[in-house]
Structures are given as C-alpha cells and as structure tokens.
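# Quick one, fold the following:
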Amino acid sequence: MRKYAGENGIAIVEEYIDVETAKAAGRTGFNDMVEFFEKQAKIKDDDRRCNTILVEKTDRLYRNLKDYVTLDELGVIIHFVKENFVLSPDSHTSELFMHGIKVLMARQYVDNLSEEVKKGMLEKAEQGIWPSKAPLGYLNVEGPNKK
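Predicted coordinates:
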C-alpha cells in the first residue's frame, strides 16, 4: 500500500485496520474512517482536504451494502490497489456498474463463508465433536476420535 501511495504521489495521513468481520454494518475501523472523511468533507480548501482511500481490494472495503452506500455518499476517490482500479465521483457509468457487481460479489463471498462455517459446525456436531471451544466451565480435552 505504501509503495503504491509513493508511486502515485499520495500521502498517507491516516490508517484504519479492521480485524473483526461484519456481515452487518459496525466495524470499528470502518466507522472511524467514515467519521474522518465526514470531517474532511467540511474543509473548503481542496489542498487541505483528504478525499482518497487506498484499499487492497473490493471485498476488504465493503462487507455489506450499507458500507457501499455510506462511502458512495461521501464522494471519496477509492484506489483498489490489487485490482488496479480507481473509483471516483467522475467515474464512467460502465465503471460504476462493474464496481457495483464487485460489491455484490463481495457480499456473496461473506454470505457464502457464513453458510460454509455453519455447515462445518453442524457436521462436527453430527459426528459428536463439539464444534468450537468448550463452553465456560468445561475443559477442552480430546478423547478418542477427537470426541
């Protein structure tokens, strides 16, 4: 990210990292970033206002449709570094359309991941294996056949 910023004359002024997942809106780092850009939008001097986001790829930025709408309303410029794509309020309609499809694909990825985790946990339970860590008050002990 820093290499990309340097090559494109972009100064990094803030960095936001989210480690939690968010099928629904509510990631801490994302919310902090949105708050930062809302404050930046009030600055009238274009030379002092930050309006650019650098992100690895679409599914790292958007985890749900509300995130997409939130950033769209801010009117920021978004560089998707690994996708070699820049989205701005001036982007062509075909670029906006393709980006919308990527956002829906990111949503599908999150939904599918959730579905697969539930399926895996159910499979473990059907095999008599506790599907996660033991509840409070119990010990994690492996018996015969991990049961």
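
# And the host helix or strand of Lys66, how far out from the chain middle?
Using DSSP states H and E, Lys66 falls within helix 65-74. Here the centre of helix 65-74 is set off from its chain's centre by 12 Å, with CA atoms, centre = their mean, to the nearest Å.

# Kindly report the same for stretch 34-46.
Taking CA atoms, centre = their mean, one finds stretch 34-46 lying 21 Å from the centre of the chain it belongs to.

# tell me the average confidence for that stretch?
Across stretch 34-46, pLDDT averages out at 89.

# cool, stretch 59-66 as well?
Across stretch 59-66, the average pLDDT comes to 84.

# list the helices and strands the helix holding Lys66 packs on?
With contacts defined as 3 or more CB pairs under 8 Å, 6 or more residues apart in numbering; DSSP states H and E, helix 65-74 has these neighbours: helix 28-41, helix 93-126. Where you see a C-beta, it was placed from the backbone N, CA and C, and this is true even at glycine.

# which of those helices sits most buried?
Between the helices and strands packed on helix 65-74, helix 28-41 has the highest mean count of neighbours, a mean of 16, where neighbours are mean count of other CB atoms under 10 Å.

# Residues touching the helix or strand of the chain with the lowest mean pLDDT, excluding its own?
The helix or strand of the chain with the poorest confidence is helix 58-61; it has a mean of 87 (mean pLDDT, DSSP states H and E). By CB atoms under 8 Å, 6 or more residues apart in numbering, the list of residues contacting helix 58-61 from outside reads 53, 55, 67, 71, 78, 80, 83, 99, 102-103, 105-106, 109-110.
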